[in-house]
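**Student:** Okay, predicted coordinates and the sequence, questions at the end:
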Amino acid sequence: MKTLVLLRHAETENPYSGQKDFNRELTNTGISDALYKGKIIKEKVTSFDLMLSSSAKRTAQTSELIAEQIGYTIKRIQYKEEIYLASTRTMLSEINMIDDKYATVLIVAHNPGTEFIAEYLSGESIGHVPPAGAICIEFEMDSWQEISQKLGELVWKDFSKS
């Protein structure tokens, strides 16, 4: 069995003139929500074998705050530029490339990619995933390469705030 938790980055600042989207940072509310969501995730999933994150500043910040709460070593987070604003096709490709030695994976990404891939994999209507929204999908298979459309079961979603 494979377990995938998808997490949208926490609340970010509005971009200022000339700022690149990639470099936007979390707000104080975003930091608080990420810490809170890390505690919620830890209650629902006891441990993660792998944590992947978009390399954008806001997802990196969210990932590090979550990692602290779930007991995942920050240095083990794998940052992937490919996850930054990724399409469903790209997200699926990244998921299919995960080494099968990992059973439980957390991916910190962006919208609309997070909600689109969650709906694609589960066949469920997820709707808008707010900042720091988390979704857990389980797959009754042994290989990440086999994961595809409507093969996962939506186990839980948590859109609560701190």
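**Tutor:** Arrived safely, thanks for sending.
**Student:** By residue count, tell me the biggest helix in the chain.
**Tutor:** Counting by DSSP state H, the longest helix found in the chain is helix 28-44.
**Student:** Could you give the average pLDDT over that helix?
**Tutor:** On average, the pLDDT along helix 28-44 is 97.
**Student:** Then stretch 138-156?
**Tutor:** Averaged over stretch 138-156, pLDDT sits at 97.
**Student:** buried set for that stretch?
**Tutor:** By 16 or more other C-beta atoms under 10 Å, the buried positions in stretch 138-156 come out as Glu138, Phe139, Trp144, Ile147, Leu151, Gly152, Leu154. Heads up, the C-betas are built off the backbone N, CA and C, glycines and all.
**Student:** between the residues you listed, which is nearest Leu50?
**Tutor:** Closest approach between the buried residues of stretch 138-156 and Leu50, by C-beta to C-beta: Trp144, at 10.0 Å.
**Student:** Surely the closest one touches Asp100?
**Tutor:** Yes - look at Trp144 against Asp100 with C-beta atoms under 8 Å: they come within range, at 6.0 Å.
**Student:** any shared contact partners between these two?
**Tutor:** Listed contacts common to Trp144 and Asp100 are nil; contacts here mean C-beta atoms under 8 Å, 6 or more residues apart in numbering.
**Student:** For stretch 113-130, buried residues please.
**Tutor:** So stretch 113-130, judged by 16+ other C-beta under 10 Å, has buried residues 113-122, 124, 126, 129.
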